[in-house]
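Student: Provide a 3D model corresponding to the input given below.
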Amino acid sequence: MRLASNMRRAQLMAAAAELVLAQGHLPAAPERLSQAAGVSKALVYAYFPTQYDLFNALLAQRLEAMLAAGLDEASGRTPLEAAALAAAGLYFDDVASNGPIVHLILRDRYMMGHVSAENRRIRDRIMRRLARAGRRELGLGAQEAVAAMGLIATIPEEAGRLAASGEMRIDRARGLCLKLVRASVAAFRADDRAG
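Tutor: Got it, this is the predicted structure:
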C-alpha cells in the first residue's frame, strides 16, 4: 500500500522499535525489519540509509516527546529532589508507554559513537542540570555527580520496563519508582554527611 512519506517513516520506526524491544538489543536485521514493516529492504534503506539513522530517529522521537511533556522544566527544578522526581516521573511514563527504547539505544555498543549530535545535546543538557544540582546540594565532584544521576536514572528505566512488560501494575511501578528516586537522593545526602 502506498503511504504518505511521513506515515511510511512512522511505520518503519514503529516496526523497528517493536523489533528492538523484542530482541532486547541493536541492531535489527534489515530482513527482519522489512518483514515486520511489510515492505522491501530497498524501501527501508530509502528512508533510513543506515541503521544509525533509524535508531537516531527513534531516539529523537522519544526525546522530543519527553521534552514536550516538560522534561527540560523538570530537570531544572530546585531542590535536586524535586528535579529528580519530576524527571524520573516523565521518564518512567515514557518507558511504561513505549518500552525502554531510549535505554537500549543509548546503552547498546552498536550505537556507541553514532548517537547524533542533537540527541547527545539533549541527553547531556538534562543530565548536566541534574549533575550540577548534585554537585551543589550534595557536594559531589563532577564525575561522581554524573555517575550518581546515571545511577538514579536506572530506576525509572527498570520500573517503566516492568510496567511496560506487565510484570508490575503501572500505578505500583510508578509509586515505587518515585519512592526509590527520593530514597536515592536522601542516601547521597546521608552519605555526604557521614563522609
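Student: Any stretches of this structure with poor pLDDT?
Tutor: 1, 191-195 (pLDDT under 70).
Student: any chance you could map the helices in it?
Tutor: With DSSP state H as the criterion, the chain has helices at 5-23, 30-37, 41-47, 51-68, 71-75, 80-98, 101-107, 117-138, 142-164, 170-194.
Student: now the ones you listed as JSON lines including mean neighbour count?
Tutor: (Glycine included, C-beta is placed from N, CA and C.) Listed next are the helices of the chain as JSON lines, based on neighbours: other Cβ atoms under 10 Å:
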{"stretch": "helix 5-23", "mean neighbour count": "17"}
{"stretch": "helix 30-37", "mean neighbour count": "17"}
{"stretch": "helix 41-47", "mean neighbour count": "15"}
{"stretch": "helix 51-68", "mean neighbour count": "19"}
{"stretch": "helix 71-75", "mean neighbour count": "19"}
{"stretch": "helix 80-98", "mean neighbour count": "22"}
{"stretch": "helix 101-107", "mean neighbour count": "21"}
{"stretch": "helix 117-138", "mean neighbour count": "17"}
{"stretch": "helix 142-164", "mean neighbour count": "19"}
{"stretch": "helix 170-194", "mean neighbour count": "16"}
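Student: State the number of residues packed around A29.
Tutor: 13 (other Cβ atoms under 10 Å).
Student: Angles on the backbone of it, please.
Tutor: phi -60, psi 130 (degrees, to the nearest 10).
Student: OK, contacts around it?
Tutor: Residues counted as contacts of A29 (Cβ atoms under 8 Å, 6 or more residues apart in numbering): none.
Student: Please report the distance of it from F48.
Tutor: 14 Å (Cβ to Cβ, to the nearest Å).
Student: and what of P100?
Tutor: For P100, the distance to F48 - Cβ to Cβ - is 21 Å.
Student: Settle it for me: which of these two has more neighbours?
Tutor: Shown here are P100 and F48; by other Cβ under 10 Å, P100 has more neighbours (24 against 21).
Student: what's the closest non-adjacent residue to that one?
Tutor: Nearest residue to P100 in three dimensions, chain neighbours excluded: R161, at 4.8 Å (Cβ to Cβ, 6 or more residues apart in numbering).
Student: quick one, what contacts the one you found?
Tutor: Shown in contact with R161 (Cβ under 8 Å, 6+ apart): V95, G99, P100, H103.
Student: any chance of these in CSV, plus distance to H114?
Tutor: Converted to CSV, those look like this (distance: Cβ to Cβ, whole Å):
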residue, distance to H114
V95, 22
G99, 21
P100, 19
H103, 16
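Student: Excluding sequence neighbours, find me the nearest residue to the residue nearest the centre of the chain.
Tutor: The centroid of the chain falls nearest to V102 when counting by Cα atoms, centre = their mean (3.2 Å). Excluding its sequence neighbours, the residue lying closest to V102 (Cβ to Cβ, 6+ apart) is R62, at 5.0 Å.
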